[in-house]
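Q: I'll drop the sequence and a predicted model, then ask my questions.
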There are 2 protein chains.
Amino acid sequence: MTGSNTKSARTRAKILDAAALTFRLRGYAATTLKDIAEAADMQTGSLYYHFESKAKLMEEVLDKGIREVHAGVLKSQKELAADVSAEQRILSAVHAHLILLLKNGDYTSTNIRNFGQVPDEVHQHHIKLRKAYADLWRKILRQAQQEGALAADIDLALLRMLLMGALNWSVEWYQPDKTSIEAIAQQVCRMLFHGIGSSRPLKNASA
Amino acid sequence: MTGSNTKSARTRAKILDAAALTFRLRGYAATTLKDIAEAADMQTGSLYYHFESKAKLMEEVLDKGIREVHAGVLKSQKELAADVSAEQRILSAVHAHLILLLKNGDYTSTNIRNFGQVPDEVHQHHIKLRKAYADLWRKILRQAQQEGALAADIDLALLRMLLMGALNWSVEWYQPDKTSIEAIAQQVCRMLFHGIGSSRPLKNASA
DNA sequence: GTCTATAGGAAGATAGAC
DNA sequence: GTCTATCTTCCTATAGAC
C-alpha cells in the first residue's frame, strides 16, 4: 500500500518525515523516539503502530534518501538531449545530486551524515542501494572517459570518491542565502574539468 | 602537567586513545563509557578520576584531532624550501592533511566524523580551533592566488570547502592496502590544478 | 489508531572501600 | 588510583484502555 492515501499512510509518511529531520539534526543514536514523536505531533507509543522499531525506521529513512538522490540523478540524465557534451551531462548529475542533498534534503542528507554510524543490521540492509547509486556514477564517468571527454589516465574510482566527498560535504557548509546550488554546481564542474591553475583554458570553457 | 610522564598522565593518555578509537568507530552518542573503559582495560567508574564527564572526554579528543592536523599541515609548509611552487606547497598540505586523517588518525578522524553530532556545549567549545585550521588553509590558498598560480576568478572559499570535503570523505573509503596516501595526494592535486578534461595540459604538469 | 502507563534494561555519574 | 556497588535518569518497547 506504499504511496496510498489512507489516513494510516499519511500518518506513516508524517512520522517518516519527522524521523528524517530529527536523525539528520542529531544523528541516529542521539535521537530518541520521543523526539520523533514530538516532531510528528504524537505520543511515543503510537509510533509502534506504524513502525516496529527505531532501527526499522532508520532503515526506511536511509533507503528513501538514496532512492531519492538516485532517481534525481537518473532523471537529470534522461532529460538531456542526446547530443549534449559529457561535461554537460556531468554538470547535470552534479546539480541533481546537490539539489537532492541540499534542497529536497532530509532523507538524503540523513543518509550522508549517518550512514557510518547506524547499527550493523541497518548498515548491511542498506548496502545494495548504495552500490546501485555508485554504479550510476561509475557509468556516467566511464562513458565520459570512453568518449574522450575525460583524460584517459584519470583514475575513475578515485575521481568518483573525491567528487562524492566534495559534494556530500556541502551539507556541512551550505547556506541557502549565499551562493545558489546551480552556481555551486557550475563552479564545481569548471574547476573539475579545467583545473584551478592559472594555465587552464579560459572563460568560455564552461559555456 | 600535560605531557608529563607520571603514571597518572600515562593512564590519562591511554583513556584518551581508547576514547578516540571508540568514538571514531561508533560515534559519540552510541559510545558508552563502558566501551571506552574496556578499550582502556579499566572499570567504568575509574574513568572519572581522570575526566569529569563523557562530554569533556569528547572535547579533548576533538581538540587533539584538530591540533594534530593543524600542526601537521603547518609543519609541511615550514619544511618546504623557500622557492617551491604554489602547486608544490598545496600538494604538501594535502598530503599532510591526508596523513593525519588516515594514518595517525583516530583523533583527527573522530573529529571529522563526529563534529556534526556532539552536544552543543562541546560544539561551541571547539569552534575556535576549527576556525584556526580553516584560516591556515585560507592563507595557503590566498597566497597561491596572489602569486598567480591559481586563476584569479577561482572562489577560494568554495574551493577550500570542496577540497576539505573531498579529502575528509576519504575516511569513508580509504583502504591502506590499495593506493598509497602519497599517490592519492598527487592525483588529487593533478586533477585539481590541471582538470580532468582531455584538453588539459599533459603529463609533466605534476612533476 | 492513538492514548496512558509501565515494564525492563542500560546509561552517566557518584560514593566509599581498599 | 582503581575497584565494586549503586543512584537516578532516560530510553526502547509493550500492554491495555478508549
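A: Received it, and whenever you're ready, just let me know what you need.
Q: ok, the residue nearest to A:Ala149 when sequence neighbours are not counted - contacts?
A: Leaving out its chain neighbours, the residue that sits closest to A:Ala149 by CB to CB, 6 or more residues apart in numbering or on different chains is A:Ala86, at 3.4 Å. No exception for glycine: its C-beta is placed from N, CA and C like everyone else's. By CB atoms under 8 Å, 6 or more residues apart in numbering or on different chains, the contact set of A:Ala86 is A:Gln143, A:Ala144, A:Glu147, A:Ala149, A:Leu150.
Q: most neighbours among these, which one?
A: A:Leu150 (25 neighbours; other CB atoms under 10 Å in any protein chain shown).
Q: confidence score at it?
A: For A:Leu150, the model assigns a pLDDT of 97.
Q: what is it paired to in the beta sheet?
A: B:Gly197 (DSSP bridges).
Q: run a quick neighbour tally on A:Leu57.
A: Quick note: A:Leu57 (other CB under 10 Å) scores 24 neighbours.
Q: so which helix or strand takes in it?
A: Assessed by DSSP states H and E, A:Leu57 sits inside helix A:54-78.
Q: which parts of chain A are helices?
A: For chain A, the helices defined by DSSP state H cover A:7-26, A:33-39, A:47-50, A:54-78, A:86-102, A:106-114, A:120-146, A:156-168, A:170-173, A:181-194.
Q: in a markdown table, list those along with distance to B:Lys64.
A: Putting the helices of chain A into a markdown table (distance: least, CB to CB, whole Å) gives the following:
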| stretch | distance to B:Lys64 |
| --- | --- |
| helix A:7-26 | 24 |
| helix A:33-39 | 30 |
| helix A:47-50 | 39 |
| helix A:54-78 | 30 |
| helix A:86-102 | 30 |
| helix A:106-114 | 23 |
| helix A:120-146 | 28 |
| helix A:156-168 | 23 |
| helix A:170-173 | 20 |
| helix A:181-194 | 32 |
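Q: need these in a markdown table with distance to DNA strand C and mean pLDDT, can you?
A: As requested, these are exported to a markdown table (distance: least, CB to the nearest atom of the strand, whole Å; pLDDT from 0 to 100):
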| stretch | distance to DNA strand C | mean pLDDT |
| --- | --- | --- |
| helix A:7-26 | 3 | 97 |
| helix A:33-39 | 7 | 98 |
| helix A:47-50 | 3 | 98 |
| helix A:54-78 | 12 | 98 |
| helix A:86-102 | 28 | 98 |
| helix A:106-114 | 18 | 96 |
| helix A:120-146 | 15 | 97 |
| helix A:156-168 | 28 | 98 |
| helix A:170-173 | 25 | 96 |
| helix A:181-194 | 35 | 98 |
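Q: break chain A into its domains for me.
A: A:1-51, A:54-206 (automatic domain parsing).
Q: right, is stretch A:107-126 up against DNA strand D?
A: No - shown here: stretch A:107-126 not in contact with DNA strand D (CB under 7 Å from any atom of the strand), separated by at least 9.8 Å.
Q: near chain B at all, that stretch?
A: Yes - under the criterion of CB under 8 Å from any CB of the partner chain, chain B is reached by stretch A:107-126 at A:Arg113, A:Gly116, A:Gln117.
Q: roughly how far apart are the second one and A:Ser92?
A: When distance is defined by CB to CB, to the nearest Å, A:Gly116 is 28 Å away from A:Ser92.
Q: repeat that for A:Thr32.
A: In terms of CB to CB, A:Thr32 sits 40 Å off from A:Ser92.
Q: between those two, which has more neighbouring residues?
A: More crowded of A:Thr32 and A:Ser92, by other CB under 10 Å: A:Ser92, with 20 against 13.
Q: neighbours of the closest residue to A:Arg12 other than its chain neighbours, how many?
A: Of all residues not flanking A:Arg12 in the chain, A:His50 sits nearest, at 4.8 Å (CB to CB, 6+ apart). Neighbours of A:His50 under the rule other CB under 10 Å: 18.
Q: for A:His50, which residues are in contact?
A: A:Ser8, A:Thr11, A:Arg12, A:Ile15.
Q: isn't the last one up against A:Leu33?
A: No - the pair A:Ile15 / A:Leu33 is not scored as a contact, 10.0 Å apart, by CB atoms under 8 Å.
Q: overlap in contacts of those two?
A: By the contact definition CB under 8 Å, 6+ apart, A:Ile15 and A:Leu33 are jointly contacted by A:Leu47.
Q: and these two? Which one has more around it.
A: Legend: neighbour count by other CB under 10 Å for A:Ile15 and A:Leu33, higher for A:Ile15 (23 against 17).
Q: list the contacts of the closest residue to A:Leu21 other than its chain neighbours.
A: Distances taken as CB to CB, 6+ apart place A:Asp106 nearest to A:Leu21, at 4.9 Å, with adjacent residues excluded. Applying CB under 8 Å, 6+ apart to A:Asp106 gives the contacts A:Asp17, A:Ala20, A:Leu21, A:Arg24.
Q: contacts only, for the residue lying closest to A:Ser76 once chain neighbours are set aside.
A: Nearest non-adjacent residue to A:Ser76, counting by CB to CB, 6+ apart: A:Ala96, 3.7 Å away. By CB under 8 Å, 6+ apart, the residues touching A:Ala96 are A:Val69, A:Gly72, A:Val73, A:Lys75, A:Ser76.
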